[in-house]
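Asker: coordinates for the following, if possible.
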Amino acid sequence: MQDLVNIFVKSIFIDNMIFAYFLGMCSYLAVSKTVKTSAGLGIAVIFVLAITVPVDYLINKYLLSAGALTWISPQFADVDLTFLSFIMFIAIIASMVQLVEMVIEKFSSSLYNSLGIFLPLIAVNCAILGGSLFMQEREYESLAQATSFGLGSGVGWLLAIVGIAAIREKIRYSNVPAPLRGLGITFIITGLMGIAFMMFMGIKL
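Answerer: Numbering: from 1, shown residues only. Take a look at the predicted model:
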């Protein structure tokens, strides 16, 4: 249990997708104009990561990795299908994003309209694919660990985009120099937030 909590906390603060790896920056910068839309997209990202990372873990363990097909027959012990990882992971991600898009459109049309093109773009959000690839690289030992990592990564992404959105709402009333208004000041704030999150690297889990 402690191991799962460590993975969860580490993926939120230490290995944050935005501030540690700068993954998912396109939607992070484009959608973070209001807290409401940022929170909606962040929750969608949490849902997609919490589902796709465990599913991709099972696919990687029982289909793709070297010797994974031995559960079918011992003669498949030498089969290695890891070269199909990208295709399989992207297919799972695209399927889940399509499901999320249909659910949001049905239950919250206003959020669906405010997110616009950036909702289907979750399918090509590098933070989503990065979650599955990091899971594969780190070789988590159980489905629970993979799920904890996926959920924590989504929460970290939500925390980052809601944080920048709240700041962007406030700086509308600030006297920002004209050349820095818009994306300029947003990049500066993102860098400062990234530096702030570096303090969590000192935490030993």
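Asker: residues near residue 69, how many?
Answerer: For residue 69, the tally of surrounding residues (other C-beta atoms under 10 Å) stands at 19. For every residue, glycine as well, the C-beta is placed using N, CA and C.
Asker: for residue 178, see how far away it is.
Answerer: Distance, residue 69 to residue 178, using C-beta to C-beta, to the nearest Å: 61 Å.
Asker: for residue 66, see how far away the residue at the greatest distance from the centre of the chain is.
Answerer: Note on the chain: the largest C-alpha distance from the chain mean falls to residue 75, namely 37.2 Å (C-alpha atoms, centre = their mean). In this structure, residue 75 and residue 66 are separated by 14 Å, where distance is defined by C-beta to C-beta.
Asker: what does the helix-or-strand element of the chain with minimal mean pLDDT contact?
Answerer: Comparing helices and strands within the chain by mean pLDDT, DSSP states H and E singles out helix 109-115 as the least confident, with a mean of 77. Counting by C-beta atoms under 8 Å, 6 or more residues apart in numbering, the neighbours of helix 109-115 from elsewhere in the structure are 31, 34, 36-37, 40-41, 44, 101, 104-105, 119.
Asker: quick check on the residues you listed: which are buried?
Answerer: Of all these considered here, the ones buried according to neighbour count by 16 or more other C-beta atoms under 10 Å are 31, 37, 40-41, 44, 101, 104, 119.
Asker: okay, now the nearest residue to residue 80 once chain neighbours are set aside: neighbour count?
Answerer: Of all residues beyond its chain neighbours, the one nearest residue 80 is residue 66 (4.1 Å), with distances taken as C-beta to C-beta, 6 or more residues apart in numbering. Burial measure for residue 66: 11 neighbouring residues, criterion other C-beta under 10 Å.
Asker: helix, strand or coil for residue 66?
Answerer: The local conformation at residue 66, judged by DSSP: H, G, I helix; E, B strand; the rest coil, is coil.
Asker: that one contacts residue 83, doesn't it?
Answerer: No. Contact status for residue 66 versus residue 83: not in contact, 11.0 Å apart, counting by C-beta atoms under 8 Å.
Asker: residue contacts, the residue nearest to residue 80?
Answerer: Residue 66 makes contact with 78-80, 82 under the criterion C-beta under 8 Å, 6+ apart.
Asker: so which of those residues wins on neighbours?
Answerer: Neighbour count (other C-beta under 10 Å) singles out residue 79 as the most crowded of the contacts of residue 66, with 16 neighbours.
Asker: what does stretch 25-38 rub up against?
Answerer: Counting by C-beta under 8 Å, 6+ apart, stretch 25-38 makes contact with 18, 41, 111, 114-115, 118, 121-122, 125, 157, 160-162, 164-166, 168-169, 183, 186, 190, all of which sit outside it.
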